[in-house]
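> Got a predicted structure plus its sequence, pasted below:
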Amino acid sequence: MYKNYIFDLYGTLIDINTNERSRYLWEKMACFYSFYGADYGPSELYWKYVELCKQEEKRMSDIDYPEIELSYVFQQLFQKKSVDADIELAVQTGKIFRILSIQYIRLYDGVTELLDELKKAGRKILLLSNAQRIFSESEMKMLKIYDYFDGILFSSDQSCRKPSPLFYQSVLEKYQIDKKESIMIGNDPVADIKGAYDIGLPSLYIKSNLSPDDNEELLSTYSIMDGNVYQIRNLILK
């Protein structure tokens, strides 16, 4: 049994479906911005959002696998209409955006039982997720898994995302864990598995409904091809 278990979030622990291009979402977001004096039409707001995201990514072009902080984009959308919005309002705007975009969100079967078993065994449970803190922290709390984790790193906080070696190195250094005593568990052959492989970290691949359809060579130490989280116990907990 490993001492440290590093989990991906979406597609590994959480099953989620979002639609960030729906007309309904941008109509409601335009209405919200108008409440604060930032008058947008739905299409105008959508395209300005896309433009600002691209500008942020371009600004970070010197970083391998850059990850922008979306709260600043939501803040800039107010500022573009001469509304002086603080970061707190921007964060709340981001949360509303996320809520409106979600089609469904739930834990995969067996997740709570797995985390319970790891916690009772005294293992360190960590999260390394390509995600926005303003979305994911609240979702983890809502699904009652946030408190299981001894450490959480979101890509939005680090300005880079998996499979960046810098992102992987950050979790090892921050929580002072030995690669040989640790394992990465995720559903993406590149971000989770190749990223871990490139820094010498053992990994377990779970093919889930959210796993990318690609022909990447699978470099995982272990694999579960049917998305059954319960099988993790038999592979790496004994």
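Sure thing, it's come through.

> Could you list every helix and strand in contact with the biggest helix by length in the chain?
Of all the elements of type helix in the chain, the one with the most residues (DSSP state H) is helix 42-59. Where contact means 3 or more Cβ pairs under 8 Å, 6 or more residues apart in numbering; DSSP states H and E, helix 42-59 is packed against helix 23-35, helix 70-79. No exception for glycine: its C-beta is placed from N, CA and C like everyone else's.

> Just name the most buried of those.
With neighbours taken as mean count of other Cβ atoms under 10 Å, those reach their highest mean count in helix 70-79, at a mean of 20.

> contacts for the next helix or strand after it?
If you walk from helix 70-79 toward the C-terminus, the next helix or strand you reach (DSSP states H and E) is helix 87-101. By Cβ atoms under 8 Å, 6 or more residues apart in numbering, the list of residues contacting helix 87-101 from outside reads 18-20, 22, 24-25, 28-29, 32-33, 36, 70-72, 74-75, 77-78, 85, 132, 134-135, 138-139.

> again with stretch 128-136
Residues external to stretch 128-136 that are found in contact with it (Cβ under 8 Å, 6+ apart): 6-10, 67, 69-71, 91, 94-95, 98, 152-157, 161-162, 167-168, 171, 184, 191.

> tally of neighbours for the closest residue to Gly200 other than its chain neighbours?
Distances taken as Cβ to Cβ, 6 or more residues apart in numbering place Lys179 nearest to Gly200, at 5.5 Å, with adjacent residues excluded. Residues near Lys179, counting by other Cβ atoms under 10 Å, number 16.

> Might you report the residue contacts of Lys179?
Contact partners of Lys179, counting by Cβ under 8 Å, 6+ apart, are 172, 199-202.

> Glu216 and Pro189 touch, don't they?
Yes. Between Glu216 and Pro189 there is a contact at 4.3 Å, judged by Cβ atoms under 8 Å.

> So for those two, which sits in the more crowded spot?
Pro189 (24 against 11).

> Wait, the more buried one touches Met225, no?
No. Between Pro189 and Met225 there is no contact, the gap being 11.7 Å when judged by Cβ under 8 Å.

> Would you map the helices across the chain?
When assigned using DSSP H, the helices of the chain occupy the ranges 23-35, 42-59, 70-79, 87-101, 111-120, 133-142, 155-158, 165-174, 195-198, 232-236.

> Would you reformat the ones you listed as TSV and include distance to Leu210 and mean pLDDT?
What follows is those, written out as TSV (distance: least, Cβ to Cβ, whole Å; pLDDT from 0 to 100):
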stretch	distance to Leu210	mean pLDDT
helix 23-35	20	98
helix 42-59	22	97
helix 70-79	20	98
helix 87-101	15	98
helix 111-120	14	96
helix 133-142	14	98
helix 155-158	16	96
helix 165-174	19	96
helix 195-198	17	97
helix 232-236	17	81
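
> For Ser220, which of those helices is the nearest?
Taking Cβ to Cβ as the criterion, Ser220 comes closest to helix 195-198 out of those, the separation being 7.8 Å.

> Top of the contacts of Lys179 by number of neighbours, please.
Note: the member of the contacts of Lys179 with the most neighbours is Leu201, at 22 neighbours, neighbours being other Cβ under 10 Å.
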